[in-house]
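Trainee: what shape does this take:
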Amino acid sequence: MEGNLDHQPKVPESAHPARWWHPIDDGRIQCDLCPRDCKLHDGQRGACFVRQNLDGRMVLTTYGRSSGFCIDPIEKKPLNHFHPGSAILSFGTAGCNLACKFCQNWDISKSRDMDRLLDAASPEGIAAAAIAYGAQSVAFTYNDPVIFAEYAIDTALACHRRGVRTVAVTAGYIYPEPAREFFAVMDAANVDLKAFTDEFYFRLCAGHLQPVLDTLVYIHHETNCWLELTTLLIPGKNDSPTEIRALAEWVARELGPDVPLHFSAFHPDWKMNDIPPTPRSTLTMARRIGLEAGLHHVYTGNIHDRDGDTTFCPGCQAPLIERDWYAIRHYDLSPEGRCPHCGRSIAGRFGHFGKAFGPRRVPIRLDGR
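Mentor: Reported below is the predicted structural model:
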């Protein structure tokens, strides 16, 4: 029987066979990438908007397309213990599998306009661009890379073949099976631990806390991927001393004291323009609580805070990497990652430190325009 062509699902040019799905009895298919468990009729897209049921099979509609490319300092991810001072090529696509009301990249992550994806780039082209621009790493960021995992994995493999490292900036909302393949090809990850209550995740992100905690434990204990965490502190929502202490104590207990934790300042955005910016005092309080909980490396972000930006030796407390926002002002760490004063090994991935890339952000186009 002929169908009505006006109602046939349009196949995007960038549609690519997706993984991690299965058919269900009522004719729909279910996405098995993340805990949202989207069940889709033909033509429907998941909550992330980029995974679609086309003719009974799952496709990724953003493979090979990006919302833009920039060369950034690695500290912007933020990663303070992963080759400090190096340059990283950053890119993302569109969509997200969470629905955070405070999203600070909402124009990308909440976009349902595929025309935003201006730059076409193959995995091999991205790896080549990183080398051409002097970037030691490629970051999958701006929107959550777990929703374009097939593209990110292929790009990571292409980067590794060229000696380029890979970094995921993610909320960690992913099921264990795809997580194993995804994080196996990531050299580092900064995971956004948005809060430490399930109520926050449910009301403000349309998700749940436990899957994120499970991802964090898996990354740290079962992979070679270097891990750092970031929590955006939102006034009145997740910034109570009690919640911050519970979060920090969980990190110290379940991940260990050497996992860096970044507390970052909120600014009004997306659907939470009625909330004031995070006071500086809240960030300094959070850092103090984290250190009291036994964490060795607790940082503050989105404010100028010399102590909160600096990496200190957990042994002798010497300042080893002094930063001002994304700029490194002083570097005093051996290539092996040891404190030159007491010899203590500092957790992270370090190497020879030459001239830092600096705080600048350089937009680029891979098509040469």
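
Trainee: partners of whichever helix or strand T231 is part of, with directions?
Mentor: Per DSSP states H and E, T231 falls inside strand 226-233. Partners of strand 226-233 in the sheet, by DSSP bridges, are strand 188-192 (parallel), strand 261-265 (parallel).

Trainee: excluding chain neighbours, what is closest to G92?
Mentor: In space, and not counting its chain neighbours, G92 is closest to Y142: 3.0 Å by C-beta to C-beta, 6 or more residues apart in numbering. All C-beta spots, glycine's among them, are computed from the backbone N, C-alpha and C.

Trainee: quick one: P335 and F353 touch, right?
Mentor: Yes - if you go by C-beta atoms under 8 Å, P335 and F353 touch, sitting 7.3 Å apart.

Trainee: packing partners for the helix or strand encompassing I321?
Mentor: Under the criterion of DSSP H and E, I321 resides in strand 319-324. When contacts are defined as 3 or more C-beta pairs under 8 Å, 6 or more residues apart in numbering; DSSP states H and E, strand 319-324 packs onto helix 306-309, strand 311-312, strand 327-331.

Trainee: return the most buried member of the ones you listed.
Mentor: Of all the helices and strands packed on strand 319-324, strand 311-312 carries the top mean neighbour count, a mean of 22, counting by mean count of other C-beta atoms under 10 Å.

Trainee: and that strand, how far out from the chain middle?
Mentor: Chain-centre distance of strand 311-312: 23 Å, with C-alpha atoms, centre = their mean, to the nearest Å.

Trainee: give me the contact list for that strand.
Mentor: 80-81, 84, 297, 318-321, 323, 333, 346 (C-beta atoms under 8 Å, 6 or more residues apart in numbering).

Trainee: just the buried residues from these, in ChimeraX please.
Mentor: Burial among the contacts of strand 311-312 is assessed by 16 or more other C-beta atoms under 10 Å; the matching ChimeraX selection reads:
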select :80,81,84,297,320,321,323,333,346
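
Trainee: reformat the contacts of strand 311-312 as a markdown table; add distance to A156 and pLDDT.
Mentor: As requested, those are exported to a markdown table (distance: C-beta to C-beta, whole Å; pLDDT from 0 to 100):
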| residue | distance to A156 | pLDDT |
| --- | --- | --- |
| N80 | 22 | 98 |
| H81 | 20 | 98 |
| P84 | 21 | 97 |
| H297 | 26 | 98 |
| A318 | 35 | 98 |
| P319 | 34 | 98 |
| L320 | 30 | 98 |
| I321 | 27 | 98 |
| R323 | 27 | 96 |
| L333 | 27 | 96 |
| I346 | 26 | 98 |
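
Trainee: out of the contacts of strand 311-312, which is nearest to T197?
Mentor: H297 (24.1 Å; C-beta to C-beta).

Trainee: surely the closest one meets A347?
Mentor: Yes - contact criterion C-beta under 8 Å: H297 and A347 qualify, at 7.5 Å.

Trainee: between these two, what contacts are shared?
Mentor: In contact with both H297 and A347: 81, 258-260, using C-beta under 8 Å, 6+ apart.

Trainee: picking that back up, got the phi and psi for the residue nearest to G92?
Mentor: phi 70, psi -60 (degrees, to the nearest 10).

Trainee: quickly note the distance from it to I153.
Mentor: As judged by C-beta to C-beta, to the nearest Å, Y142 and I153 stand 18 Å apart.

Trainee: same deal with K76?
Mentor: According to C-beta to C-beta, K76 stands 23 Å off from I153.

Trainee: what do you get for I275?
Mentor: Relative to I153, I275 is positioned 36 Å away (C-beta to C-beta).

Trainee: of the two, which one has the most company?
Mentor: I153 (21 against 17; other C-beta atoms under 10 Å).

Trainee: any idea how far that one is from R162?
Mentor: Distance, I153 to R162, using C-beta to C-beta: 15 Å.

Trainee: check D154 too.
Mentor: Using C-beta to C-beta, D154 is found at 13 Å from R162.

Trainee: more neighbours: which of those two?
Mentor: D154 (19 against 13).

Trainee: how about the residue lying closest to A158 once chain neighbours are set aside, what does it touch?
Mentor: Leaving out its chain neighbours, the residue that sits closest to A158 by C-beta to C-beta, 6+ apart is P123, at 3.9 Å. Going by C-beta under 8 Å, 6+ apart, P123 touches 151, 154-155, 157-159.
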